[in-house]
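Coordinates for the following, if possible.
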Amino acid sequence: MVAGTGRYDTTVMNNFETRAFIKMGAEGVMIAALPEQGLGFAIKTDDDANRAAEVAISALLHHFGGESLCRMPEDHAVFVRTKTQTLRNW
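All right, here's what the predicted structure looks like:
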């Protein structure tokens with residue numbers, strides 16, 4: 001009920017279950033929480049795009065939640081997939 005199938009928020013929360021909560025807002029705003037560490041983040045991108053917000057939140061989650069989030073090999077794969085974005089010129 002957070003976002004659609006395949007969306008960043010849904011993918012991350014499905015993988016990490018209750019260890020991380022994430023929600024994308026409008027205009028490049030994103031929030032995340034790591035309940036076990038008692039930490040929360042809120043970011044706003046200058047270009048109002050989600051792609052930079054997703055990369056930034058992934059970096060923050062990995063930096064501050066690393067070992068507690070990554071309990072299984074597939075947990076690390078989430079960060080590998082989300083640490084960069086491919087931009088294509090139309």
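
Check which residues of the helix or strand bottoming out on mean pLDDT in the chain are buried.
Lowest by mean pLDDT, DSSP states H and E among the helices and strands of the chain is helix 73-82, with a mean of 79. Across helix 73-82, burial judged by 16 or more other Cβ atoms under 10 Å covers 78-79, 82. No exception for glycine: its C-beta is placed from N, CA and C like everyone else's.

name the helices or strands packed onto it?
If contacts are counted by 3 or more Cβ pairs under 8 Å, 6 or more residues apart in numbering; DSSP states H and E, helix 73-82 sits against helix 8-16, helix 50-69.

6 Å - rerun?
Packed against helix 73-82 by the contact rule (3 or more Cβ pairs under 6 Å, 6 or more residues apart in numbering; DSSP states H and E) you find helix 50-69.

Which residues does the helix it packs on contact?
Outside of helix 50-69, the residues that reach it under the criterion Cβ atoms under 6 Å, 6 or more residues apart in numbering are 8, 16, 19-20, 24, 28, 30, 32, 34, 36, 39, 41, 43, 45, 79, 82-83, 85.

between the least confident helix or strand of the chain and helix 50-69, how big is the angle?
160 degrees (axes from the mean of the first three to the mean of the last three Cα atoms, to 10 degrees).

Centre of the chain to helix 73-82, how far?
In terms of Cα atoms, centre = their mean, to the nearest Å, the centre of helix 73-82 is found 11 Å from the chain centre.
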